[in-house]
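**Q** Below is the sequence, then the predicted model.
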Amino acid sequence: MGYNLSLINPVPSWIDLHAHLDGLSDSELSQSIAEAAAAGVSVVFVAATDLASAEIVSRQCLMHSSLWGAVGICPFSAGLLPDNWEAKLRSFLLRERIIAIGEIGIDESNPKYPPLSLQLPVFERQLEIARECDLPIIVHSRGVESRVVSLCMSHGIKRAVFHCFTGDSVSLAAILDGGYSVSFSGIVTFNSNLLGRVAEVPLDRLFIETDSPWLSPTPYRGQVNRPDRVAITGKTIAKTLGISPEKLQEAIAGNFNRLFAPLRRGDLLF
């Protein structure tokens with residue numbers, strides 16, 4: 001399967017690398033996309049967490065040209081899978097505008113998640129699928145970043161983004177040493193320690209996201225998040241790095257195209 005991809009928005013704009021919009025109705029989705037466009041957001045990358053949301057994400061991506069998608073089984077859903085989950089996941093990967101596997105990973109920080117004995121085999125199987133399909137992955141990792149990096153490397157994963165990074169300098173160094181990228185959410189607008197991590201990331205490995213509907217940035221902290229607010233996070237990070245918002249937008253756009261548009265799928269995603 002190939003895409004006829006071209007540059008659809010040459011002016012500087014924001015990319016929301018990670019959002020969950022599967023809980024929105026079609027009309028709510030259209031409104032959210034319109035609000036994002038008005039805020040200068042040209043691309044929203046929507047991620048699934050299980051098979052049910054993968055179906056919704058796949059359909060939503062066909063509804064709006066600004067949406068691209070990832071499908072996968074997140075750590076929280078690792079204990080609730082049918083026997084044929086791998087075949088179902090592979091079928092979603094054949095859908096138009098689905099260009100990554102995610103979000104996937106392991107999480108040792110939340111006792112509400114299934115035990116690692118259930119999370120690990122699901123994660124590792126999806127790493128194998130990603131390698132077989134030559135697809136990048138969107139990683140959820142809390143408290144086990146170094147272990148996840150090792151697993152990714154041992155399974156031959158070349159392209160990965162650790163989304164909503166909240167770890168320390170040691171875990172960040174492990175991710176970067178593995179050759180992978182990092183995405184920051186609105187948490188950087190109210191957590192100065194995490195904001196300090198941003199400068200440790202090379203500009204060509206940096207992404208930003210909302211993780212909608214969670215993690216609204218200041219001054220909307222505690223409210224339902226939405227993709228247009230990625231602009232707030234972007235401007236905060238640009239100021240911290242001492243660069244213009246346009247410079248950051250340009251860097252993120254280049255990162256997005258390099259990571260998600262291998263030659264077999266086209267040259268540019270937007």
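**A** Alright, I've got the coordinates.
**Q** Please count neighbours and contacts with C-alpha atoms only from this point.
**A** Noted.
**Q** Surely Val139 and Ala100 touch.
**A** No. Using Cα atoms under 8 Å, Val139 is not in contact with Ala100, being 10.6 Å away.
**Q** From the centre of this protein, give me the residue that's furthest out.
**A** Asp83 (26.6 Å; Cα atoms, centre = their mean).
**Q** Confirm that one sits in a strand?
**A** No. Assessed with DSSP: H, G, I helix; E, B strand; the rest coil, Asp83 is coil; it does not lie in a strand.
**Q** Just want to check the distance between it and Val46.
**A** Counting by Cα to Cα, to the nearest Å, the gap from Asp83 to Val46 is 25 Å.
**Q** Between Val139 and Ala100, which is the more surrounded one?
**A** Set side by side, Val139 and Ala100 show more neighbours around Val139, with 29 against 25, by other Cα atoms under 10 Å.
**Q** Where does the more buried one fall, secondary structure wise?
**A** strand 137-142 (DSSP states H and E).
**Q** partners of that strand in the sheet?
**A** strand 98-107 (parallel), strand 160-162 (parallel) (DSSP bridges).
**Q** Only C-alpha atoms, please: export the first one in PDB.
**A** It refers to strand 98-107. This file holds the C-alpha atoms of strand 98-107, laid out as PDB (Å, rounded to 0.1, in the frame of the first residue of the first chain):
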ATOM      1  CA  ILE A  98      -2.700   4.500   9.600                       C
ATOM      2  CA  ILE A  99       1.000   5.000   9.700                       C
ATOM      3  CA  ALA A 100       2.300   3.700  13.000                       C
ATOM      4  CA  ILE A 101       1.700   1.200  15.800                       C
ATOM      5  CA  GLY A 102       0.600   2.800  19.100                       C
ATOM      6  CA  GLU A 103       0.200   3.500  21.600                       C
ATOM      7  CA  ILE A 104       2.000   0.500  23.000                       C
ATOM      8  CA  GLY A 105       4.400  -0.100  25.900                       C
ATOM      9  CA  ILE A 106       4.600  -1.100  29.500                       C
ATOM     10  CA  ASP A 107       3.800   0.800  32.700                       C
END
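**Q** Tell me the helix or strand right after that strand.
**A** Criterion used, DSSP H and E; the element after strand 98-107 is helix 116-133.
**Q** Report the mean confidence score over that following helix.
**A** Mean pLDDT, helix 116-133: 97.
**Q** Off-centre distance for it?
**A** Distance, stretch centre to chain centre, for helix 116-133: 17 Å (Cα atoms, centre = their mean, to the nearest Å).
**Q** Next, the angle from that helix to strand 98-107.
**A** 150 degrees (axes from the mean of the first three to the mean of the last three Cα atoms, to 10 degrees).
**Q** helices or strands up against helix 116-133?
**A** strand 98-107 (3 or more Cα pairs under 8 Å, 6 or more residues apart in numbering; DSSP states H and E).
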